[in-house]
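Trainee: Got a sequence here, can you build the structure:
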Amino acid sequence: MNITMLTFGTRGDVQPLVALGAELRGRGHAVAIGATPAFAELVTGAGLGFRELLPPPSIRHDLFAQPRLNAVVREGGGFIRTLKAVPRPTDDQIRTLFNGMAAATEDAELVVTAPGTHLAGYIGDKPWCAVSWMPVNTTREFPAYQTKPRFGGRYNKLTHRFYDAVQWMSSSWMANRYLRTTGRKSIGGRSRFAELGRDRPILYPFSSTVVPRPADWPGRAHVTGYWFRDRPEWTPDPRLAAFTGSRSPPLLLTLGSTWPFHDADAVLDHAVTAARETGRPLVVVGGPERDHPADVHRATEVDYDWLMPRCAAVVHHGGCGTAGAALRAGVPQVCVPAVFDNAFWADRMHALGVGAPPVPLTGLDRGTLVDAVSTAVGDGRIRDRAVEIGARLADEDGLTAAADVVERWYAETAAAA
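Mentor: Residues are numbered from 1 along each chain as shown. Next up is the predicted model:
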């Protein structure tokens, strides 16, 4: 079958779909991914077709560099304040967005949508299913990822319903405006996101060890396990290989797409101090380009599957995929959550016992980072727990489970056509 996957955002929004696409391609399917031009090489390098999408600044891969949003996050603005700070697209940008997604899926027999692109499914005419990096189905067992646990089951369900409505209102107006220009019927103002997992599958690419599947989730909500993209052909830069091979295991600092929120030089200085306080060298991925001392190595592109098992601990932003990679590597974690679902995953890592208490962006300074790294590196219980969880994840195959769901759903929709 011809499958097109749609996604916007950062590398963390694209790479899991590349992994799933490669799995489906290996099963004989033709797979293309619609994404922003910045990720064309990532997609084609995996042997997948690339469909260029040109989203507005509100959902582009460089969203976090937008000044207004950046300022709100640095001030510790909550989810709704942060959402309001996202740039509002123009009518021309909205047309470009939806026309692009329609063109990308023109020859598809099945469409897979990721966060930010689910509306393409609702206004399109193709069979489709959804992917989400964070748990969004309503449950009594834990609150919506945008909030903290407080009062239990009834409260938890209300938080899911509330944020479901907020996110629908913040995005559906674009679809409705586009539909009016094409003379088509509105999808309405009442959220349909709650239908995901009921009328079609929603796939969650994380482990049930991290988020046990709630008993009250609908039958088509699937916690598949993580979607890791193995790259056995990848070889490290010789300088990185030498740096990690000739010293004690380093501390790794990788803040991914959230680097723009930070005073990058200050954060790097704090990490250098934390590494030295614990007797470790430091590897930093991304961050400021500057001269580094002999005990610091900066890299721009790495394979976490190769690098993380060689590290003493990982300091990261709390992205779903980065947290999963650290879990798989069996190494302790320090999460520095900044925006959206970062805090949810940071809290999960701490609750699992694989990391120090999270250090939120607004509370990050030299002392808090040194303390957190010292805990992660020095507490044997955290190290042992990280190894234990890593061994559990080694027995999971999220890609096989996810590809099976996609194939079954296509067969079901084809039979019903």
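
Trainee: residue ranges for the strands of the stretch 251-400 of the chain, please.
Mentor: Using DSSP state E, counting those that start in this stretch, the strands of the stretch 251-400 of the chain run over residues 251-254, 282-285, 296-299, 313-316, 333-335.

Trainee: for those strands, which one sits closest to residue 415?
Mentor: strand 313-316 (43.4 Å; Cβ to Cβ). Glycine gets a C-beta too; all of them are placed from N, C-alpha and C.

Trainee: domains for this structure, by residue range?
Mentor: 2-226+397-416, 238-394 (automatic domain parsing).

Trainee: Export the strands of the stretch 251-400 of the chain to TSV and append columns for mean pLDDT and mean neighbour count.
Mentor: Shown next, in TSV, are the strands of the stretch 251-400 of the chain (pLDDT from 0 to 100; neighbours: other Cβ atoms under 10 Å):
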stretch	mean pLDDT	mean neighbour count
strand 251-254	98	28
strand 282-285	98	24
strand 296-299	96	19
strand 313-316	98	30
strand 333-335	98	30
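
Trainee: can you list the ones you listed in TSV and add distance to residue 402?
Mentor: Formatted as TSV, the strands of the stretch 251-400 of the chain follow (distance: least, Cβ to Cβ, whole Å):
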stretch	distance to residue 402
strand 251-254	25
strand 282-285	26
strand 296-299	29
strand 313-316	23
strand 333-335	24
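
Trainee: deepest of the domains of the chain, which one?
Mentor: Most buried of those by mean neighbour count (mean count of other Cβ atoms under 10 Å) is domain 238-394; its value is a mean of 20.

Trainee: ok, back up a step: any idea which of the strands of the stretch 251-400 of the chain gets closest to residue 212?
Mentor: Set against residue 212 and scored by Cβ to Cβ, the strands of the stretch 251-400 of the chain come closest in strand 333-335, at 19.4 Å.

Trainee: how distant is that closest one from the center of its chain?
Mentor: Centroid separation for strand 333-335 versus its chain: 16 Å, with Cα atoms, centre = their mean, to the nearest Å.

Trainee: Make sure residue 225 is actually in contact with residue 204.
Mentor: No. With contact defined as Cβ atoms under 8 Å, residue 225 and residue 204 do not form a contacting pair (9.1 Å).

Trainee: Poorly predicted segments of the stretch 101-250 of the chain, please.
Mentor: The model of the stretch 101-250 of the chain has no residue with pLDDT under 70.

Trainee: Which residue ranges of it form helices?
Mentor: Using DSSP state H, counting those that start in this stretch, the helices of the stretch 101-250 of the chain run over residues 118-123, 153-181, 238-245.

Trainee: next one: the stretch 301-417 of the chain
Mentor: For the stretch 301-417 of the chain, the helices defined by DSSP H, counting those that start in this stretch occupy 304-307, 320-329, 342-352, 366-378, 380-394, 398-416.

Trainee: just so I know, which of the strands of the stretch 251-400 of the chain lies nearest residue 78?
Mentor: Closest to residue 78 of the strands of the stretch 251-400 of the chain is strand 333-335 (Cβ to Cβ; 18.2 Å).

Trainee: Tell me the helices and strands packed up against the closest one.
Mentor: Judged by 3 or more Cβ pairs under 8 Å, 6 or more residues apart in numbering; DSSP states H and E, strand 333-335 is in contact with strand 313-316, helix 320-329, helix 342-352, helix 366-378.

Trainee: of all those, which lies closest to residue 4?
Mentor: Going by Cβ to Cβ, the one of the helices and strands packed on strand 333-335 nearest residue 4 is helix 320-329, 21.2 Å.

Trainee: on contacts alone, who are the packing partners of that closest one?
Mentor: helix 11-26, helix 304-307, strand 313-316, strand 333-335, helix 342-352, helix 380-394.

Trainee: contact partners of that helix?
Mentor: For helix 320-329, the external contacting residues (Cβ atoms under 8 Å, 6 or more residues apart in numbering) are 12, 15-16, 133-134, 205-207, 210, 226, 228, 254, 256, 304-305, 308-309, 311, 314, 316, 333, 335, 341, 345-346, 348-349, 352, 354, 386, 389-390, 393-394.

Trainee: for stretch 53-67, same thing?
Mentor: Contact with stretch 53-67 is made by 6, 8-11, 34-39, 69-70, 73, 85-90, 93-94, 96-97, 100-101, 104, 116, 257-258, 260-261, 339, as judged by Cβ under 8 Å, 6+ apart.

Trainee: quick one: contacts for the residue nearest to residue 234 when sequence neighbours are not counted?
Mentor: Once flanking residues are discounted, residue 234 sits nearest to residue 303: 4.3 Å by Cβ to Cβ, 6 or more residues apart in numbering. By Cβ under 8 Å, 6+ apart, the residues touching residue 303 are 231, 234, 236.

Trainee: now residue 366
Mentor: Applying Cβ under 8 Å, 6+ apart to residue 366 gives the contacts 269, 270, 273.

Trainee: quick one: which of these is nearest to residue 21?
Mentor: Of all the contacts of residue 366, the one with the least separation from residue 21 (Cβ to Cβ) is residue 270, at 37.7 Å.

Trainee: Show the pLDDT at residue 340.
Mentor: With respect to pLDDT, residue 340 scores 89.

Trainee: And it, how far from residue 300?
Mentor: According to Cβ to Cβ, to the nearest Å, residue 340 and residue 300 sit 24 Å apart.

Trainee: before we move on, what about residue 47?
Mentor: For residue 47, the distance to residue 300 equals 23 Å [Cβ to Cβ].

Trainee: try residue 272
Mentor: Distance, residue 272 to residue 300, by Cβ to Cβ: 18 Å.

Trainee: Rebuild the helices and strands packed on strand 333-335 as TSV, extending it with distance to residue 22.
Mentor: Output for the helices and strands packed on strand 333-335, formatted as TSV (distance: least, Cβ to Cβ, whole Å):
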stretch	distance to residue 22
strand 313-316	24
helix 320-329	15
helix 342-352	24
helix 366-378	32
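
Trainee: Let me see the ranges of the strands in the stretch 1-150 of the chain.
Mentor: So, for the stretch 1-150 of the chain - with DSSP E, counting those that start in this stretch - the strands run 2-6, 30-35, 49-52, 110-113, 128-131.

Trainee: JSON lines please, covering these and showing distance to residue 285.
Mentor: JSON lines is the format used below for the strands of the stretch 1-150 of the chain (distance: least, Cβ to Cβ, whole Å):
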{"stretch": "strand 2-6", "distance to residue 285": "25"}
{"stretch": "strand 30-35", "distance to residue 285": "21"}
{"stretch": "strand 49-52", "distance to residue 285": "24"}
{"stretch": "strand 110-113", "distance to residue 285": "28"}
{"stretch": "strand 128-131", "distance to residue 285": "25"}
